[in-house]
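Q: Quick one, structure for this:
(2 chains)
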Amino acid sequence: MTERLDGPQVPPAQVAGGAATGPADTPRARRRLGPSPAVAIAFLLPAALLLGVWVVYPIVYSIFRSLFDANGTGFVGLGNYTTIFTDAGTLTTIRNNLIWVVVAPIVVTTLGLIFAVLTERIRWATAFKLIVFMPMAVSLMAAGVIFRLVYEEDPDRGLANAVLTTVADTFSSSQGYPEARPREGDQSPVAAQDGAVVTKQPAQAGQPVLVPIVGVRPELVPSDARPAAQAPAGGALAGTVWFDFTPGGGGRSGAVDSTEKGLPGMTVEAVRNGQVAATATTTADGSFRFEGLPAGSYTIRLPQSNFEAAYGGLTWLGPTLITPAIIGAFVWVWAGFAMVLLAAGLAAIPRDALEAARIDGASEWQVFRKITVPLLSPVLLVVFVTMIINTLKVFDLVFIIAPSSVQPQANVIALEMWRVSFGGGNNQGLGSALAIFLLILVLPFMIMNIRRFRRENT
Amino acid sequence: MTTTATAAAPSSGLQAGTPRRGVLSRIVDRLGSGAVQVVMVLLGLFWLVPTLGLLVVSMRTTQVNNAEGWWTVFTKPAELTIRNYQNLLSGGFSASFWNTVLITVPTTVLVIGIAAMAAYAFAWMEFPGRDAAFLVVVGLLIVPIQIALIPIGVLYGNAGIFGSIPGVVLFHVAFGLPFAIFLLRNFFVGIPASLLEAARMDGAAEWKIFARVVFPLGKPAIASLGIFQFLWVWNDMLIALVFANTDNQPMTKYLQSQMRQFGSNVDILSSGAFLSLIIPLILFFAFQRYFVQGMMAGSVK
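A: Predicted coordinates for the structure are as follows:
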C-alpha cells in the first residue's frame, strides 16, 4: 500500500476530461430540504473516528515521539533529526531518495508520453496498453521477485545479462579462454609473449602451423568443438589451434591427436615485420587458414583478447548498480499509469487548434512544442507529481530486489524507517523522526492538492 | 468536474476509441509506420517477458533453474512440472493465501460502506465546517503510512490486538478512506438533485435515500473503488510486515520471509509470487474499464 494512484488532484478540466461543472456549489434552494447537522454527523462518524485515531492522532504522536530516545524515556530534543543528517547510513538513504526523485519521475513521464503518442499509430493499441498497464495490478512483492530473476548475474540465468552478453558476442568474435596458455617447454612450437601466444619459428605456406594450448577450463570448451584436425599440407598458410590435452591421459604433447579437441573461435593473426598482414578465426576443429596471403614467412600470433574472459554482463544487484536497477523495475511498474493518463489527455486535445496551426504553416515539431505540450501540461504535471510522491514513498521494490548484503547501499527513507523501528534497529525515536521527515517531504504536494481543489471548487 | 467527466474519460483510456490522427503521428508517419510497429512489438515484449519468465521458472525444478535460463524452455518444454505448486500448497502458503482473503475482503467492504456514507454527507448534506473538513480529507490523501506504524503499533499493543487480522484490517480501512471518500463524493455530487429532492419531499429518511437512491446510482464509482481497494490491500506488504504475526500473515509477508535464501527458494518464491498475482490479473482483465475509471477519477478527476 505504499504506492498509490491517489496523487494530486489536478483540474485538467478542458484538456483531459470533458465538460467541467463546479461540483460543490449545490444551489441553496436544494439545501433547505436537507437533513439536520446531527444526521450528517451520524453519517460521518465512522469515517471521522477511523481517520482521527489511525491517521491524525499518529501524526501528533509521532511528532512527540521523535523528540525522545530509543526507549521513549529520555528527551533528546531534535537529536534524532540531527542523527538523520549526520549518520553516514541515513545520508546514503537521503542521497538514494534524491536519485530516485530526480530520475524516476522524468523517465516514467517521458516514456509514458512516448507510448501515448506511439499507440495512436498502431492498430493493436488496446493490446499494447493492456500489456504495459498490467504490472499496475501486480503486487510490488511479485514485481520484485520478477526482477530478482531478471537481474541474476549469471548470463545463463538472468535475462538482463543474457541479452547483454548476446549483444556483446554479436559484435565481438572473442570466444574467451581465460587462464589458457601455450604448452611450455623447448619442444613446444609456441611461446607466450605479452599475453599473446606466438610461434617461435616463422611459418610459411604449406607447412601446417601447430599451436598447442593447455590450461583451458573444460566448461569453457564450446559444446560444438570437434576433435582437432591437422591442416592439410600444401596450399595456403594454415594450421591448428587445439587443446593439447587428452582427458583421462594419453595423447602426445605438441601433436594433434584425434582424442583432443580443437578450440573454435580463436582469433589468429599472421604478422610480418611487426605488421598484422591477415586475420583468421579458427573453425570447430580448431583449424585456421589464411587465403590469398603473399608468399613469405610470417609469425603466427594469437592476440591477448583470446585469453580474456568473455563479457559476462553487469552486476545489477551489486552496490554500484542497485539503485538504477530498482528504478528500472519501478519504471516497468508505472509506465502504464503515465501512458494511460497521457493518452486520455492527448485524445482530449481539440483538433481544431492543431489544424489551425498547421494551416498557418507550423511544422509538426512546432505544433507539438507550442500547442500539444502546453495543452497537455496539466496531465503531465499530474503524472510527474504522482511519480515524485511514489518515489518518496518507495519501499517494497527496494526491500525485495536488493539482496540483504547490498541493502545499505540501496536504502531509501521509507525502508530505513521500517528498519530502525521494526527490522532490528529497535529505535522508535529515530523511526518517528524519519516518518516525520517523510511527511515533511510530501507536505508541499499535500498543500498543492488542497489549493488546487479549492481553486477548482470556488 | 462531475460524474460526466469521471465516467466519460475512461473510454479514451484503454479502449482505443475512434481512430484519430494525433499530433506527433504525422512525424511518426515520416519515420515509417513499419519501424513504429517493430519498436512497439519490442516494447510490448519488454513488458511481457519478465512475467512470462516468472511463470516458466515457477514450473521448473530448482536444479533446472540453477542450470539454465528459463528461455531454454522453448527447446525443452518437457522439463515443465507443477511440482513446485504442489510443494507450495502443502506448505505454509495455503494458510497465508486465506489470510490474504480474510484481510482483503472485509477491508474492501468496510471501506466502501463507511466511505459511501461520509461521501453522501459531504455531497448532499449541510453542516458547519463541511468544506474545511473535506479539505482535510484531500490533505490526508497522500499521508505516508509510515507515520502511523509506530503509534498504532503501541496502541494495538495496549489494546491486545497487535498481530491480529482485525488490527490489520482496521489499519487498511483507515488509510483507504481518504481516497474512497474523495472518489465517491465527487461522483455523488453529480447525481441529479431532482432525484434526491423527490425522495426528501416524500419524507424518506436519509439512510433510506442513501441505501435506495445514492448507493445504487453510485455503482460505477463504487465498482472502481472496490477494485482499487481490493488490489491495494491484496498487494500490500508493509502493513502486513508490521501488524500481522506469522499465524495471520498474508502471502506477501510469507513470501518475503522466504526471500533471504533467494537462490535456494526460487521454487517457492516464483510459484508463490505467480499464485499471488493470478487473482489481481483476473480482476484487472475482467474489470479493466473500472480500473481505469478509478485511476482517472482519482488522478485527473
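Q: where along the stretch 51-200 of chain B do the helices fall?
A: For the stretch 51-200 of chain B, the helices defined by DSSP state H, counting those that start in this stretch occupy B:62-67, B:83-90, B:93-124, B:130-140, B:146-159, B:165-188, B:193-201.
Q: I'd like to know which of the ones you listed lies nearest to A:Asp69.
A: In terms of CB to CB, the element of these nearest to A:Asp69 is helix B:146-159, at 13.7 Å. The C-beta positions use only the backbone N, C-alpha and C, and glycine is treated the same way.
Q: Now do the buried residues in the closest one.
A: Of the residues in helix B:146-159, B:Gln146, B:Ile147, B:Ala148, B:Leu149, B:Ile150, B:Pro151, B:Ile152, B:Gly153, B:Val154, B:Leu155, B:Tyr156 count as buried by neighbour count, 16 or more other CB atoms under 10 Å in any protein chain shown.
Q: do stretch A:215-227 as well
A: Within stretch A:215-227, the residues that count as buried by 16+ other CB under 10 Å are A:Gly215, A:Val216, A:Leu220, A:Val221, A:Ala225.
Q: Using CSV, write down the CA coordinates of it.
A: Only the C-alpha atoms of stretch A:215-227 are listed here, as CSV (Å, rounded to 0.1, in the frame of the first residue of the first chain):
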residue,chain,number,x,y,z
GLY,A,215,45.0,-25.0,-19.2
VAL,A,216,41.7,-24.5,-20.8
ARG,A,217,38.9,-24.7,-18.3
PRO,A,218,36.8,-27.7,-19.5
GLU,A,219,33.5,-25.9,-19.1
LEU,A,220,34.8,-23.2,-21.5
VAL,A,221,35.4,-25.6,-24.4
PRO,A,222,32.4,-24.9,-26.6
SER,A,223,30.0,-27.8,-27.0
ASP,A,224,30.3,-27.6,-30.7
ALA,A,225,34.2,-28.1,-30.6
ARG,A,226,35.2,-31.0,-32.8
PRO,A,227,38.2,-33.2,-32.5
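Q: residues making contact with that stretch?
A: For stretch A:215-227, contacts defined as CB atoms under 8 Å, 6 or more residues apart in numbering or on different chains pick out A:175-181, A:243, A:245, A:247, A:258-265, A:284-286.
Q: What ranges in the chain fall below the confidence cut-off?
A: Going with chain A. Scanning chain A for pLDDT under 70 picks out A:1-33, A:172-175, A:233-234, A:458.
Q: Not quite, go with chain B.
A: Ranges of chain B meeting pLDDT under 70: B:1-32, B:298-301.
Q: Quick check: residues of the stretch 201-350 of chain A near chain B?
A: Within the stretch 201-350 of chain A, the residues that sit near chain B (CB under 8 Å from any CB of the partner chain) are A:332, A:335-337, A:340-341, A:343-349.
Q: ok, longest helix in chain A?
A: helix A:88-119 (DSSP state H).
Q: Could you pull out the buried residues of that one?
A: A:90, A:92-94, A:96-97, A:100-101, A:103-105, A:107-109, A:111-119.
Q: Do whichever helix or strand comes after it and chain B come into contact?
A: Where DSSP states H and E defines the elements, the next helix or strand beyond helix A:88-119 is helix A:125-133. Yes. Helix A:125-133 reaches chain B (CB under 8 Å from any CB) through A:Ala125, A:Thr126, A:Ala127, A:Phe128, A:Lys129, A:Leu130, A:Ile131, A:Val132, A:Phe133.
Q: Return a PyMOL selection command for the buried portion of those residues.
A: In PyMOL, selecting the buried portion of those, with burial taken from 16+ other CB under 10 Å, looks like this:
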select buried, chain A and resi 125+126+128+129+130+131+132+133
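Q: The residues of helix A:125-133 next to chain B into JSON lines, with extra columns for distance to B:Ala116?
A: Output for the residues of helix A:125-133 next to chain B, formatted as JSON lines (distance: CB to CB, whole Å):
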{"residue": "A:Ala125", "distance to B:Ala116": "35"}
{"residue": "A:Thr126", "distance to B:Ala116": "31"}
{"residue": "A:Ala127", "distance to B:Ala116": "35"}
{"residue": "A:Phe128", "distance to B:Ala116": "35"}
{"residue": "A:Lys129", "distance to B:Ala116": "30"}
{"residue": "A:Leu130", "distance to B:Ala116": "30"}
{"residue": "A:Ile131", "distance to B:Ala116": "34"}
{"residue": "A:Val132", "distance to B:Ala116": "32"}
{"residue": "A:Phe133", "distance to B:Ala116": "27"}
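Q: ranges for the strands of the stretch 151-300 of chain A?
A: Using DSSP state E, counting those that start in this stretch, the strands of the stretch 151-300 of chain A run over residues A:181-182, A:190-193, A:196-199, A:203-204, A:209-214, A:237-243, A:267-272, A:275-281, A:287-290, A:297-302.
Q: Deepest-packed of those, please.
A: strand A:237-243 (a mean of 26; mean count of other CB atoms under 10 Å in any protein chain shown).
Q: give the contact list for A:Pro403.
A: Applying CB under 8 Å, 6+ apart, the residues near A:Pro403 are A:Leu317, B:Phe262.
Q: Angles on the backbone of it, please.
A: Per-residue torsions, A:Pro403: phi -60, psi 150 (degrees, to the nearest 10).
Q: Please, where are all the helices along the stretch 201-301 of chain B?
A: Going by DSSP H, counting those that start in this stretch, the stretch 201-301 of chain B shows helices at B:206-209, B:215-217, B:219-235, B:238-243, B:251-257, B:266-286, B:288-299.
Q: Those: which one's closest to A:Pro208?
A: Within these, the stretch nearest A:Pro208 is helix B:266-286; the backing value is 49.7 Å (CB to CB).
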